[in-house]
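Engineer: predicted coordinates and the sequence they were generated for:
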Protein chains: 2
Amino acid sequence: MAQLPRAVRDLINVFERLPGIGPKSAARLAFYLVDAPKSFVEELSGILLRLKREVKICRQCFSVSDAEICEVCRDEKRQKNLICVVERAIEVIAIENVGGFNGVYHVLGGVINPLEHIGPEDIRINELVERIKGWTPNSGVSDNLEIILATNPTMEGEATALYIKNEILKLKNRGMIKISRIGSGLPMGADIEYADQATLNRALEGRREI
Amino acid sequence: MAQLPRAVRDLINVFERLPGIGPKSAARLAFYLVDAPKSFVEELSGILLRLKREVKICRQCFSVSDAEICEVCRDEKRQKNLICVVERAIEVIAIENVGGFNGVYHVLGGVINPLEHIGPEDIRINELVERIKGWTPNSGVSDNLEIILATNPTMEGEATALYIKNEILKLKNRGMIKISRIGSGLPMGADIEYADQATLNRALEGRREI
C-alpha cells in the first residue's frame, strides 16, 4: 500500500484535532491545500502565526482584543453596570452582531462540567466575583449592577448559571445586584408541534404577559 | 458594534474559502485556535509551509508524492499495463487503502464541467493519451493495456469517462487497449427500497451472472 507524503499525513492529523472535523473532512481539507496555490497556503500559515502574536485577551472582560483592554470595555458609552456573562468570546461577537446590547461582558472561558473535570475554579468565576466586589456605583441614574447570566441553556450552562448566582448571593453588596438569566423557550420561527419537551416546558414557564 | 481583532477576522475569511466550511464553522475553528496552545497553532502553521515545500506531484501519474516519481509508479511489482484513471489524488489513497488493486494510476485533477468552464484541456486527458500512445508492451504474460475509468458516477464523471473513451478509440494502438468503467449500482449494505432511481437503474443494467 502506497503511503501519503509525510507533510500531508501530518496535516491530516492536525486537522483531525480541530472541533467538528472528522477523518474524512481532514483528508479533504489537506488535499484541497495540496492543490491550492502556494500563496494561499502561505497566507494561511502566516495568519496563524499572527493570531498568537496579535490577539490579546482583554484584562477586564476576557474577550478577544487587539489591545490590553477591549473595544467594548474602553467604550465610555457602554453601560458598565450591565454585565453579560457568557461562556466564550465567540458569543460576545454573536451578541455584538445583533447590536441591541449596550452593556459589557464577562467571558468565563467554559462551563462547569464534572464529566470533563472542569470545576468552578477552572473557569473565570473568581474573576467575575472580584469584578462585582470591586464595583462602585457611579453617581448616575442607576446605582444597581445587573448581571445577565447568558451561559447556554444546556445542562452545564444551567448549572454554571446557578452556581454563579449562589456565589453572588454570598457577597456583601448583594442588595445592589440584580441577577437575570437570558430568556429561553421556542426560537423565533419555530413550530410548537416539533418542539422538544424541555424547550416547550421552558417556553410555558417563561411566558410573559402581553 | 465591537470588531474582532484583525488576525481573527483574517483567519475566519481564509477558513471560509476552504471546502465544506461555512461562516459558522470558520468562526468556530478560528476561536478554537485563539484558545489553543501556542505550540499547536505554530505546529499547524509550520506543517502548511512544509506541505508546499515537500509534497511533489508524480511526473508519471500526477498523484501526490515525496519524490519526482511516486511510490506506486516506482514499485516494480505493480502492473504497469493496468491504469486506473481517477479524478483526484485523494481517490488514489482511498483505493490504496482498500489494498486490492495492483495496477498504477492516472490522476486527472478534476472532471470536465462546462458549467464551471472546465474543458478537456484543463484536466490531464492529453497526458493520459500521451501515456497510452507511448506504451510499449513488455514481453510479459499480457501484452494488452487496460484503462479503468474510475471517475465518480456523477454526471460530470460519466461525461469525462465517455470523452476519454472516445479519445482512446482514436489512437492507432487502440486494438491493444481494453477500456473499462468501474462498477456502479447499490452500495454494499444498501436497501433496494430506499435506493434512488438512477442507482437502481444502474444496478439492473450492471447485473452480473452468478
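Structural biologist: Looks like it arrived, so ask away.
Engineer: which element is the residue nearest to residue A:21 when sequence neighbours are not counted on?
Structural biologist: Leaving aside its sequence neighbours, residue A:21 sits nearest to residue A:15 (C-beta to C-beta, 6 or more residues apart in numbering or on different chains; 5.4 Å). Backbone N, C-alpha and C define where each C-beta goes, glycine included. Assigned by DSSP states H and E, residue A:15 belongs to helix A:6-16.
Engineer: buried stuff in that helix?
Structural biologist: A:7-8, A:10-12, A:14-16 (16 or more other C-beta atoms under 10 Å in any protein chain shown).
Engineer: for those residues, give me JSON lines that also has pLDDT and distance to residue B:37.
Structural biologist: Output for the buried residues of helix A:6-16, formatted as JSON lines (pLDDT from 0 to 100; distance: C-beta to C-beta, whole Å):
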{"residue": "A:7", "pLDDT": "93", "distance to residue B:37": "21"}
{"residue": "A:8", "pLDDT": "94", "distance to residue B:37": "23"}
{"residue": "A:10", "pLDDT": "95", "distance to residue B:37": "17"}
{"residue": "A:11", "pLDDT": "96", "distance to residue B:37": "18"}
{"residue": "A:12", "pLDDT": "95", "distance to residue B:37": "20"}
{"residue": "A:14", "pLDDT": "96", "distance to residue B:37": "13"}
{"residue": "A:15", "pLDDT": "96", "distance to residue B:37": "16"}
{"residue": "A:16", "pLDDT": "95", "distance to residue B:37": "17"}
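Engineer: distance-wise, check residue A:87 relative to residue B:15.
Structural biologist: Distance from residue A:87 to residue B:15, counting by C-beta to C-beta, to the nearest Å: 21 Å.
Engineer: residue A:28 contacts residue B:90, correct?
Structural biologist: Yes. Using C-beta atoms under 8 Å, residue A:28 is in contact with residue B:90, at 6.9 Å.
Engineer: now for these two: what residues contact both?
Structural biologist: Here residue A:28 and residue B:90 have no joint contacts, going by C-beta atoms under 8 Å, 6 or more residues apart in numbering or on different chains.
Engineer: how many residues are close by residue A:58?
Structural biologist: 24 (other C-beta atoms under 10 Å in any protein chain shown).
Engineer: cool, residue A:99 as well?
Structural biologist: Neighbours of residue A:99 (other C-beta under 10 Å): 8.
Engineer: tell me the phi and psi of it?
Structural biologist: Dihedral angles of residue A:99 (phi, psi; degrees, to the nearest 10) stand at phi 90, psi 0.
Engineer: then residue A:163?
Structural biologist: Torsion angles, degrees, to the nearest 10, at residue A:163: phi -60, psi -50.
Engineer: check contacts around it.
Structural biologist: So residue A:163 contacts A:112, A:120, A:125 (C-beta under 8 Å, 6+ apart).
Engineer: hmm, 7 Å instead?
Structural biologist: A:112, A:120 (C-beta atoms under 7 Å, 6 or more residues apart in numbering or on different chains).
Engineer: and residue A:147, that's in a strand?
Structural biologist: Yes. Assessed by DSSP: H, G, I helix; E, B strand; the rest coil, residue A:147 belongs to a strand.
Engineer: pretty sure it is touching residue A:168, no?
Structural biologist: Yes. Applying C-beta atoms under 7 Å, one finds residue A:147 in contact with residue A:168, separated by 6.5 Å.
Engineer: residue contacts, residue A:43?
Structural biologist: residue B:14.
Engineer: identify the single longest helix in chain A, thanks.
Structural biologist: helix A:38-54 (DSSP state H).
Engineer: distance between it and the chain's centre?
Structural biologist: 24 Å (C-alpha atoms, centre = their mean, to the nearest Å).
Engineer: stretch A:144-158 now?
Structural biologist: 11 Å.
Engineer: can you list the buried residues in that stretch?
Structural biologist: Buried residues in stretch A:144-158 (16+ other C-beta under 10 Å): A:145-153, A:156-158.
Engineer: show me the domain layout of chain A.
Structural biologist: Per automatic domain parsing, the structural domains of chain A span A:6-54, A:77-189.
Engineer: JSON lines for those, including distance to residue B:172?
Structural biologist: Listed next are the domains of chain A as JSON lines, based on distance: least, C-beta to C-beta, whole Å:
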{"stretch": "domain A:6-54", "distance to residue B:172": "34"}
{"stretch": "domain A:77-189", "distance to residue B:172": "63"}
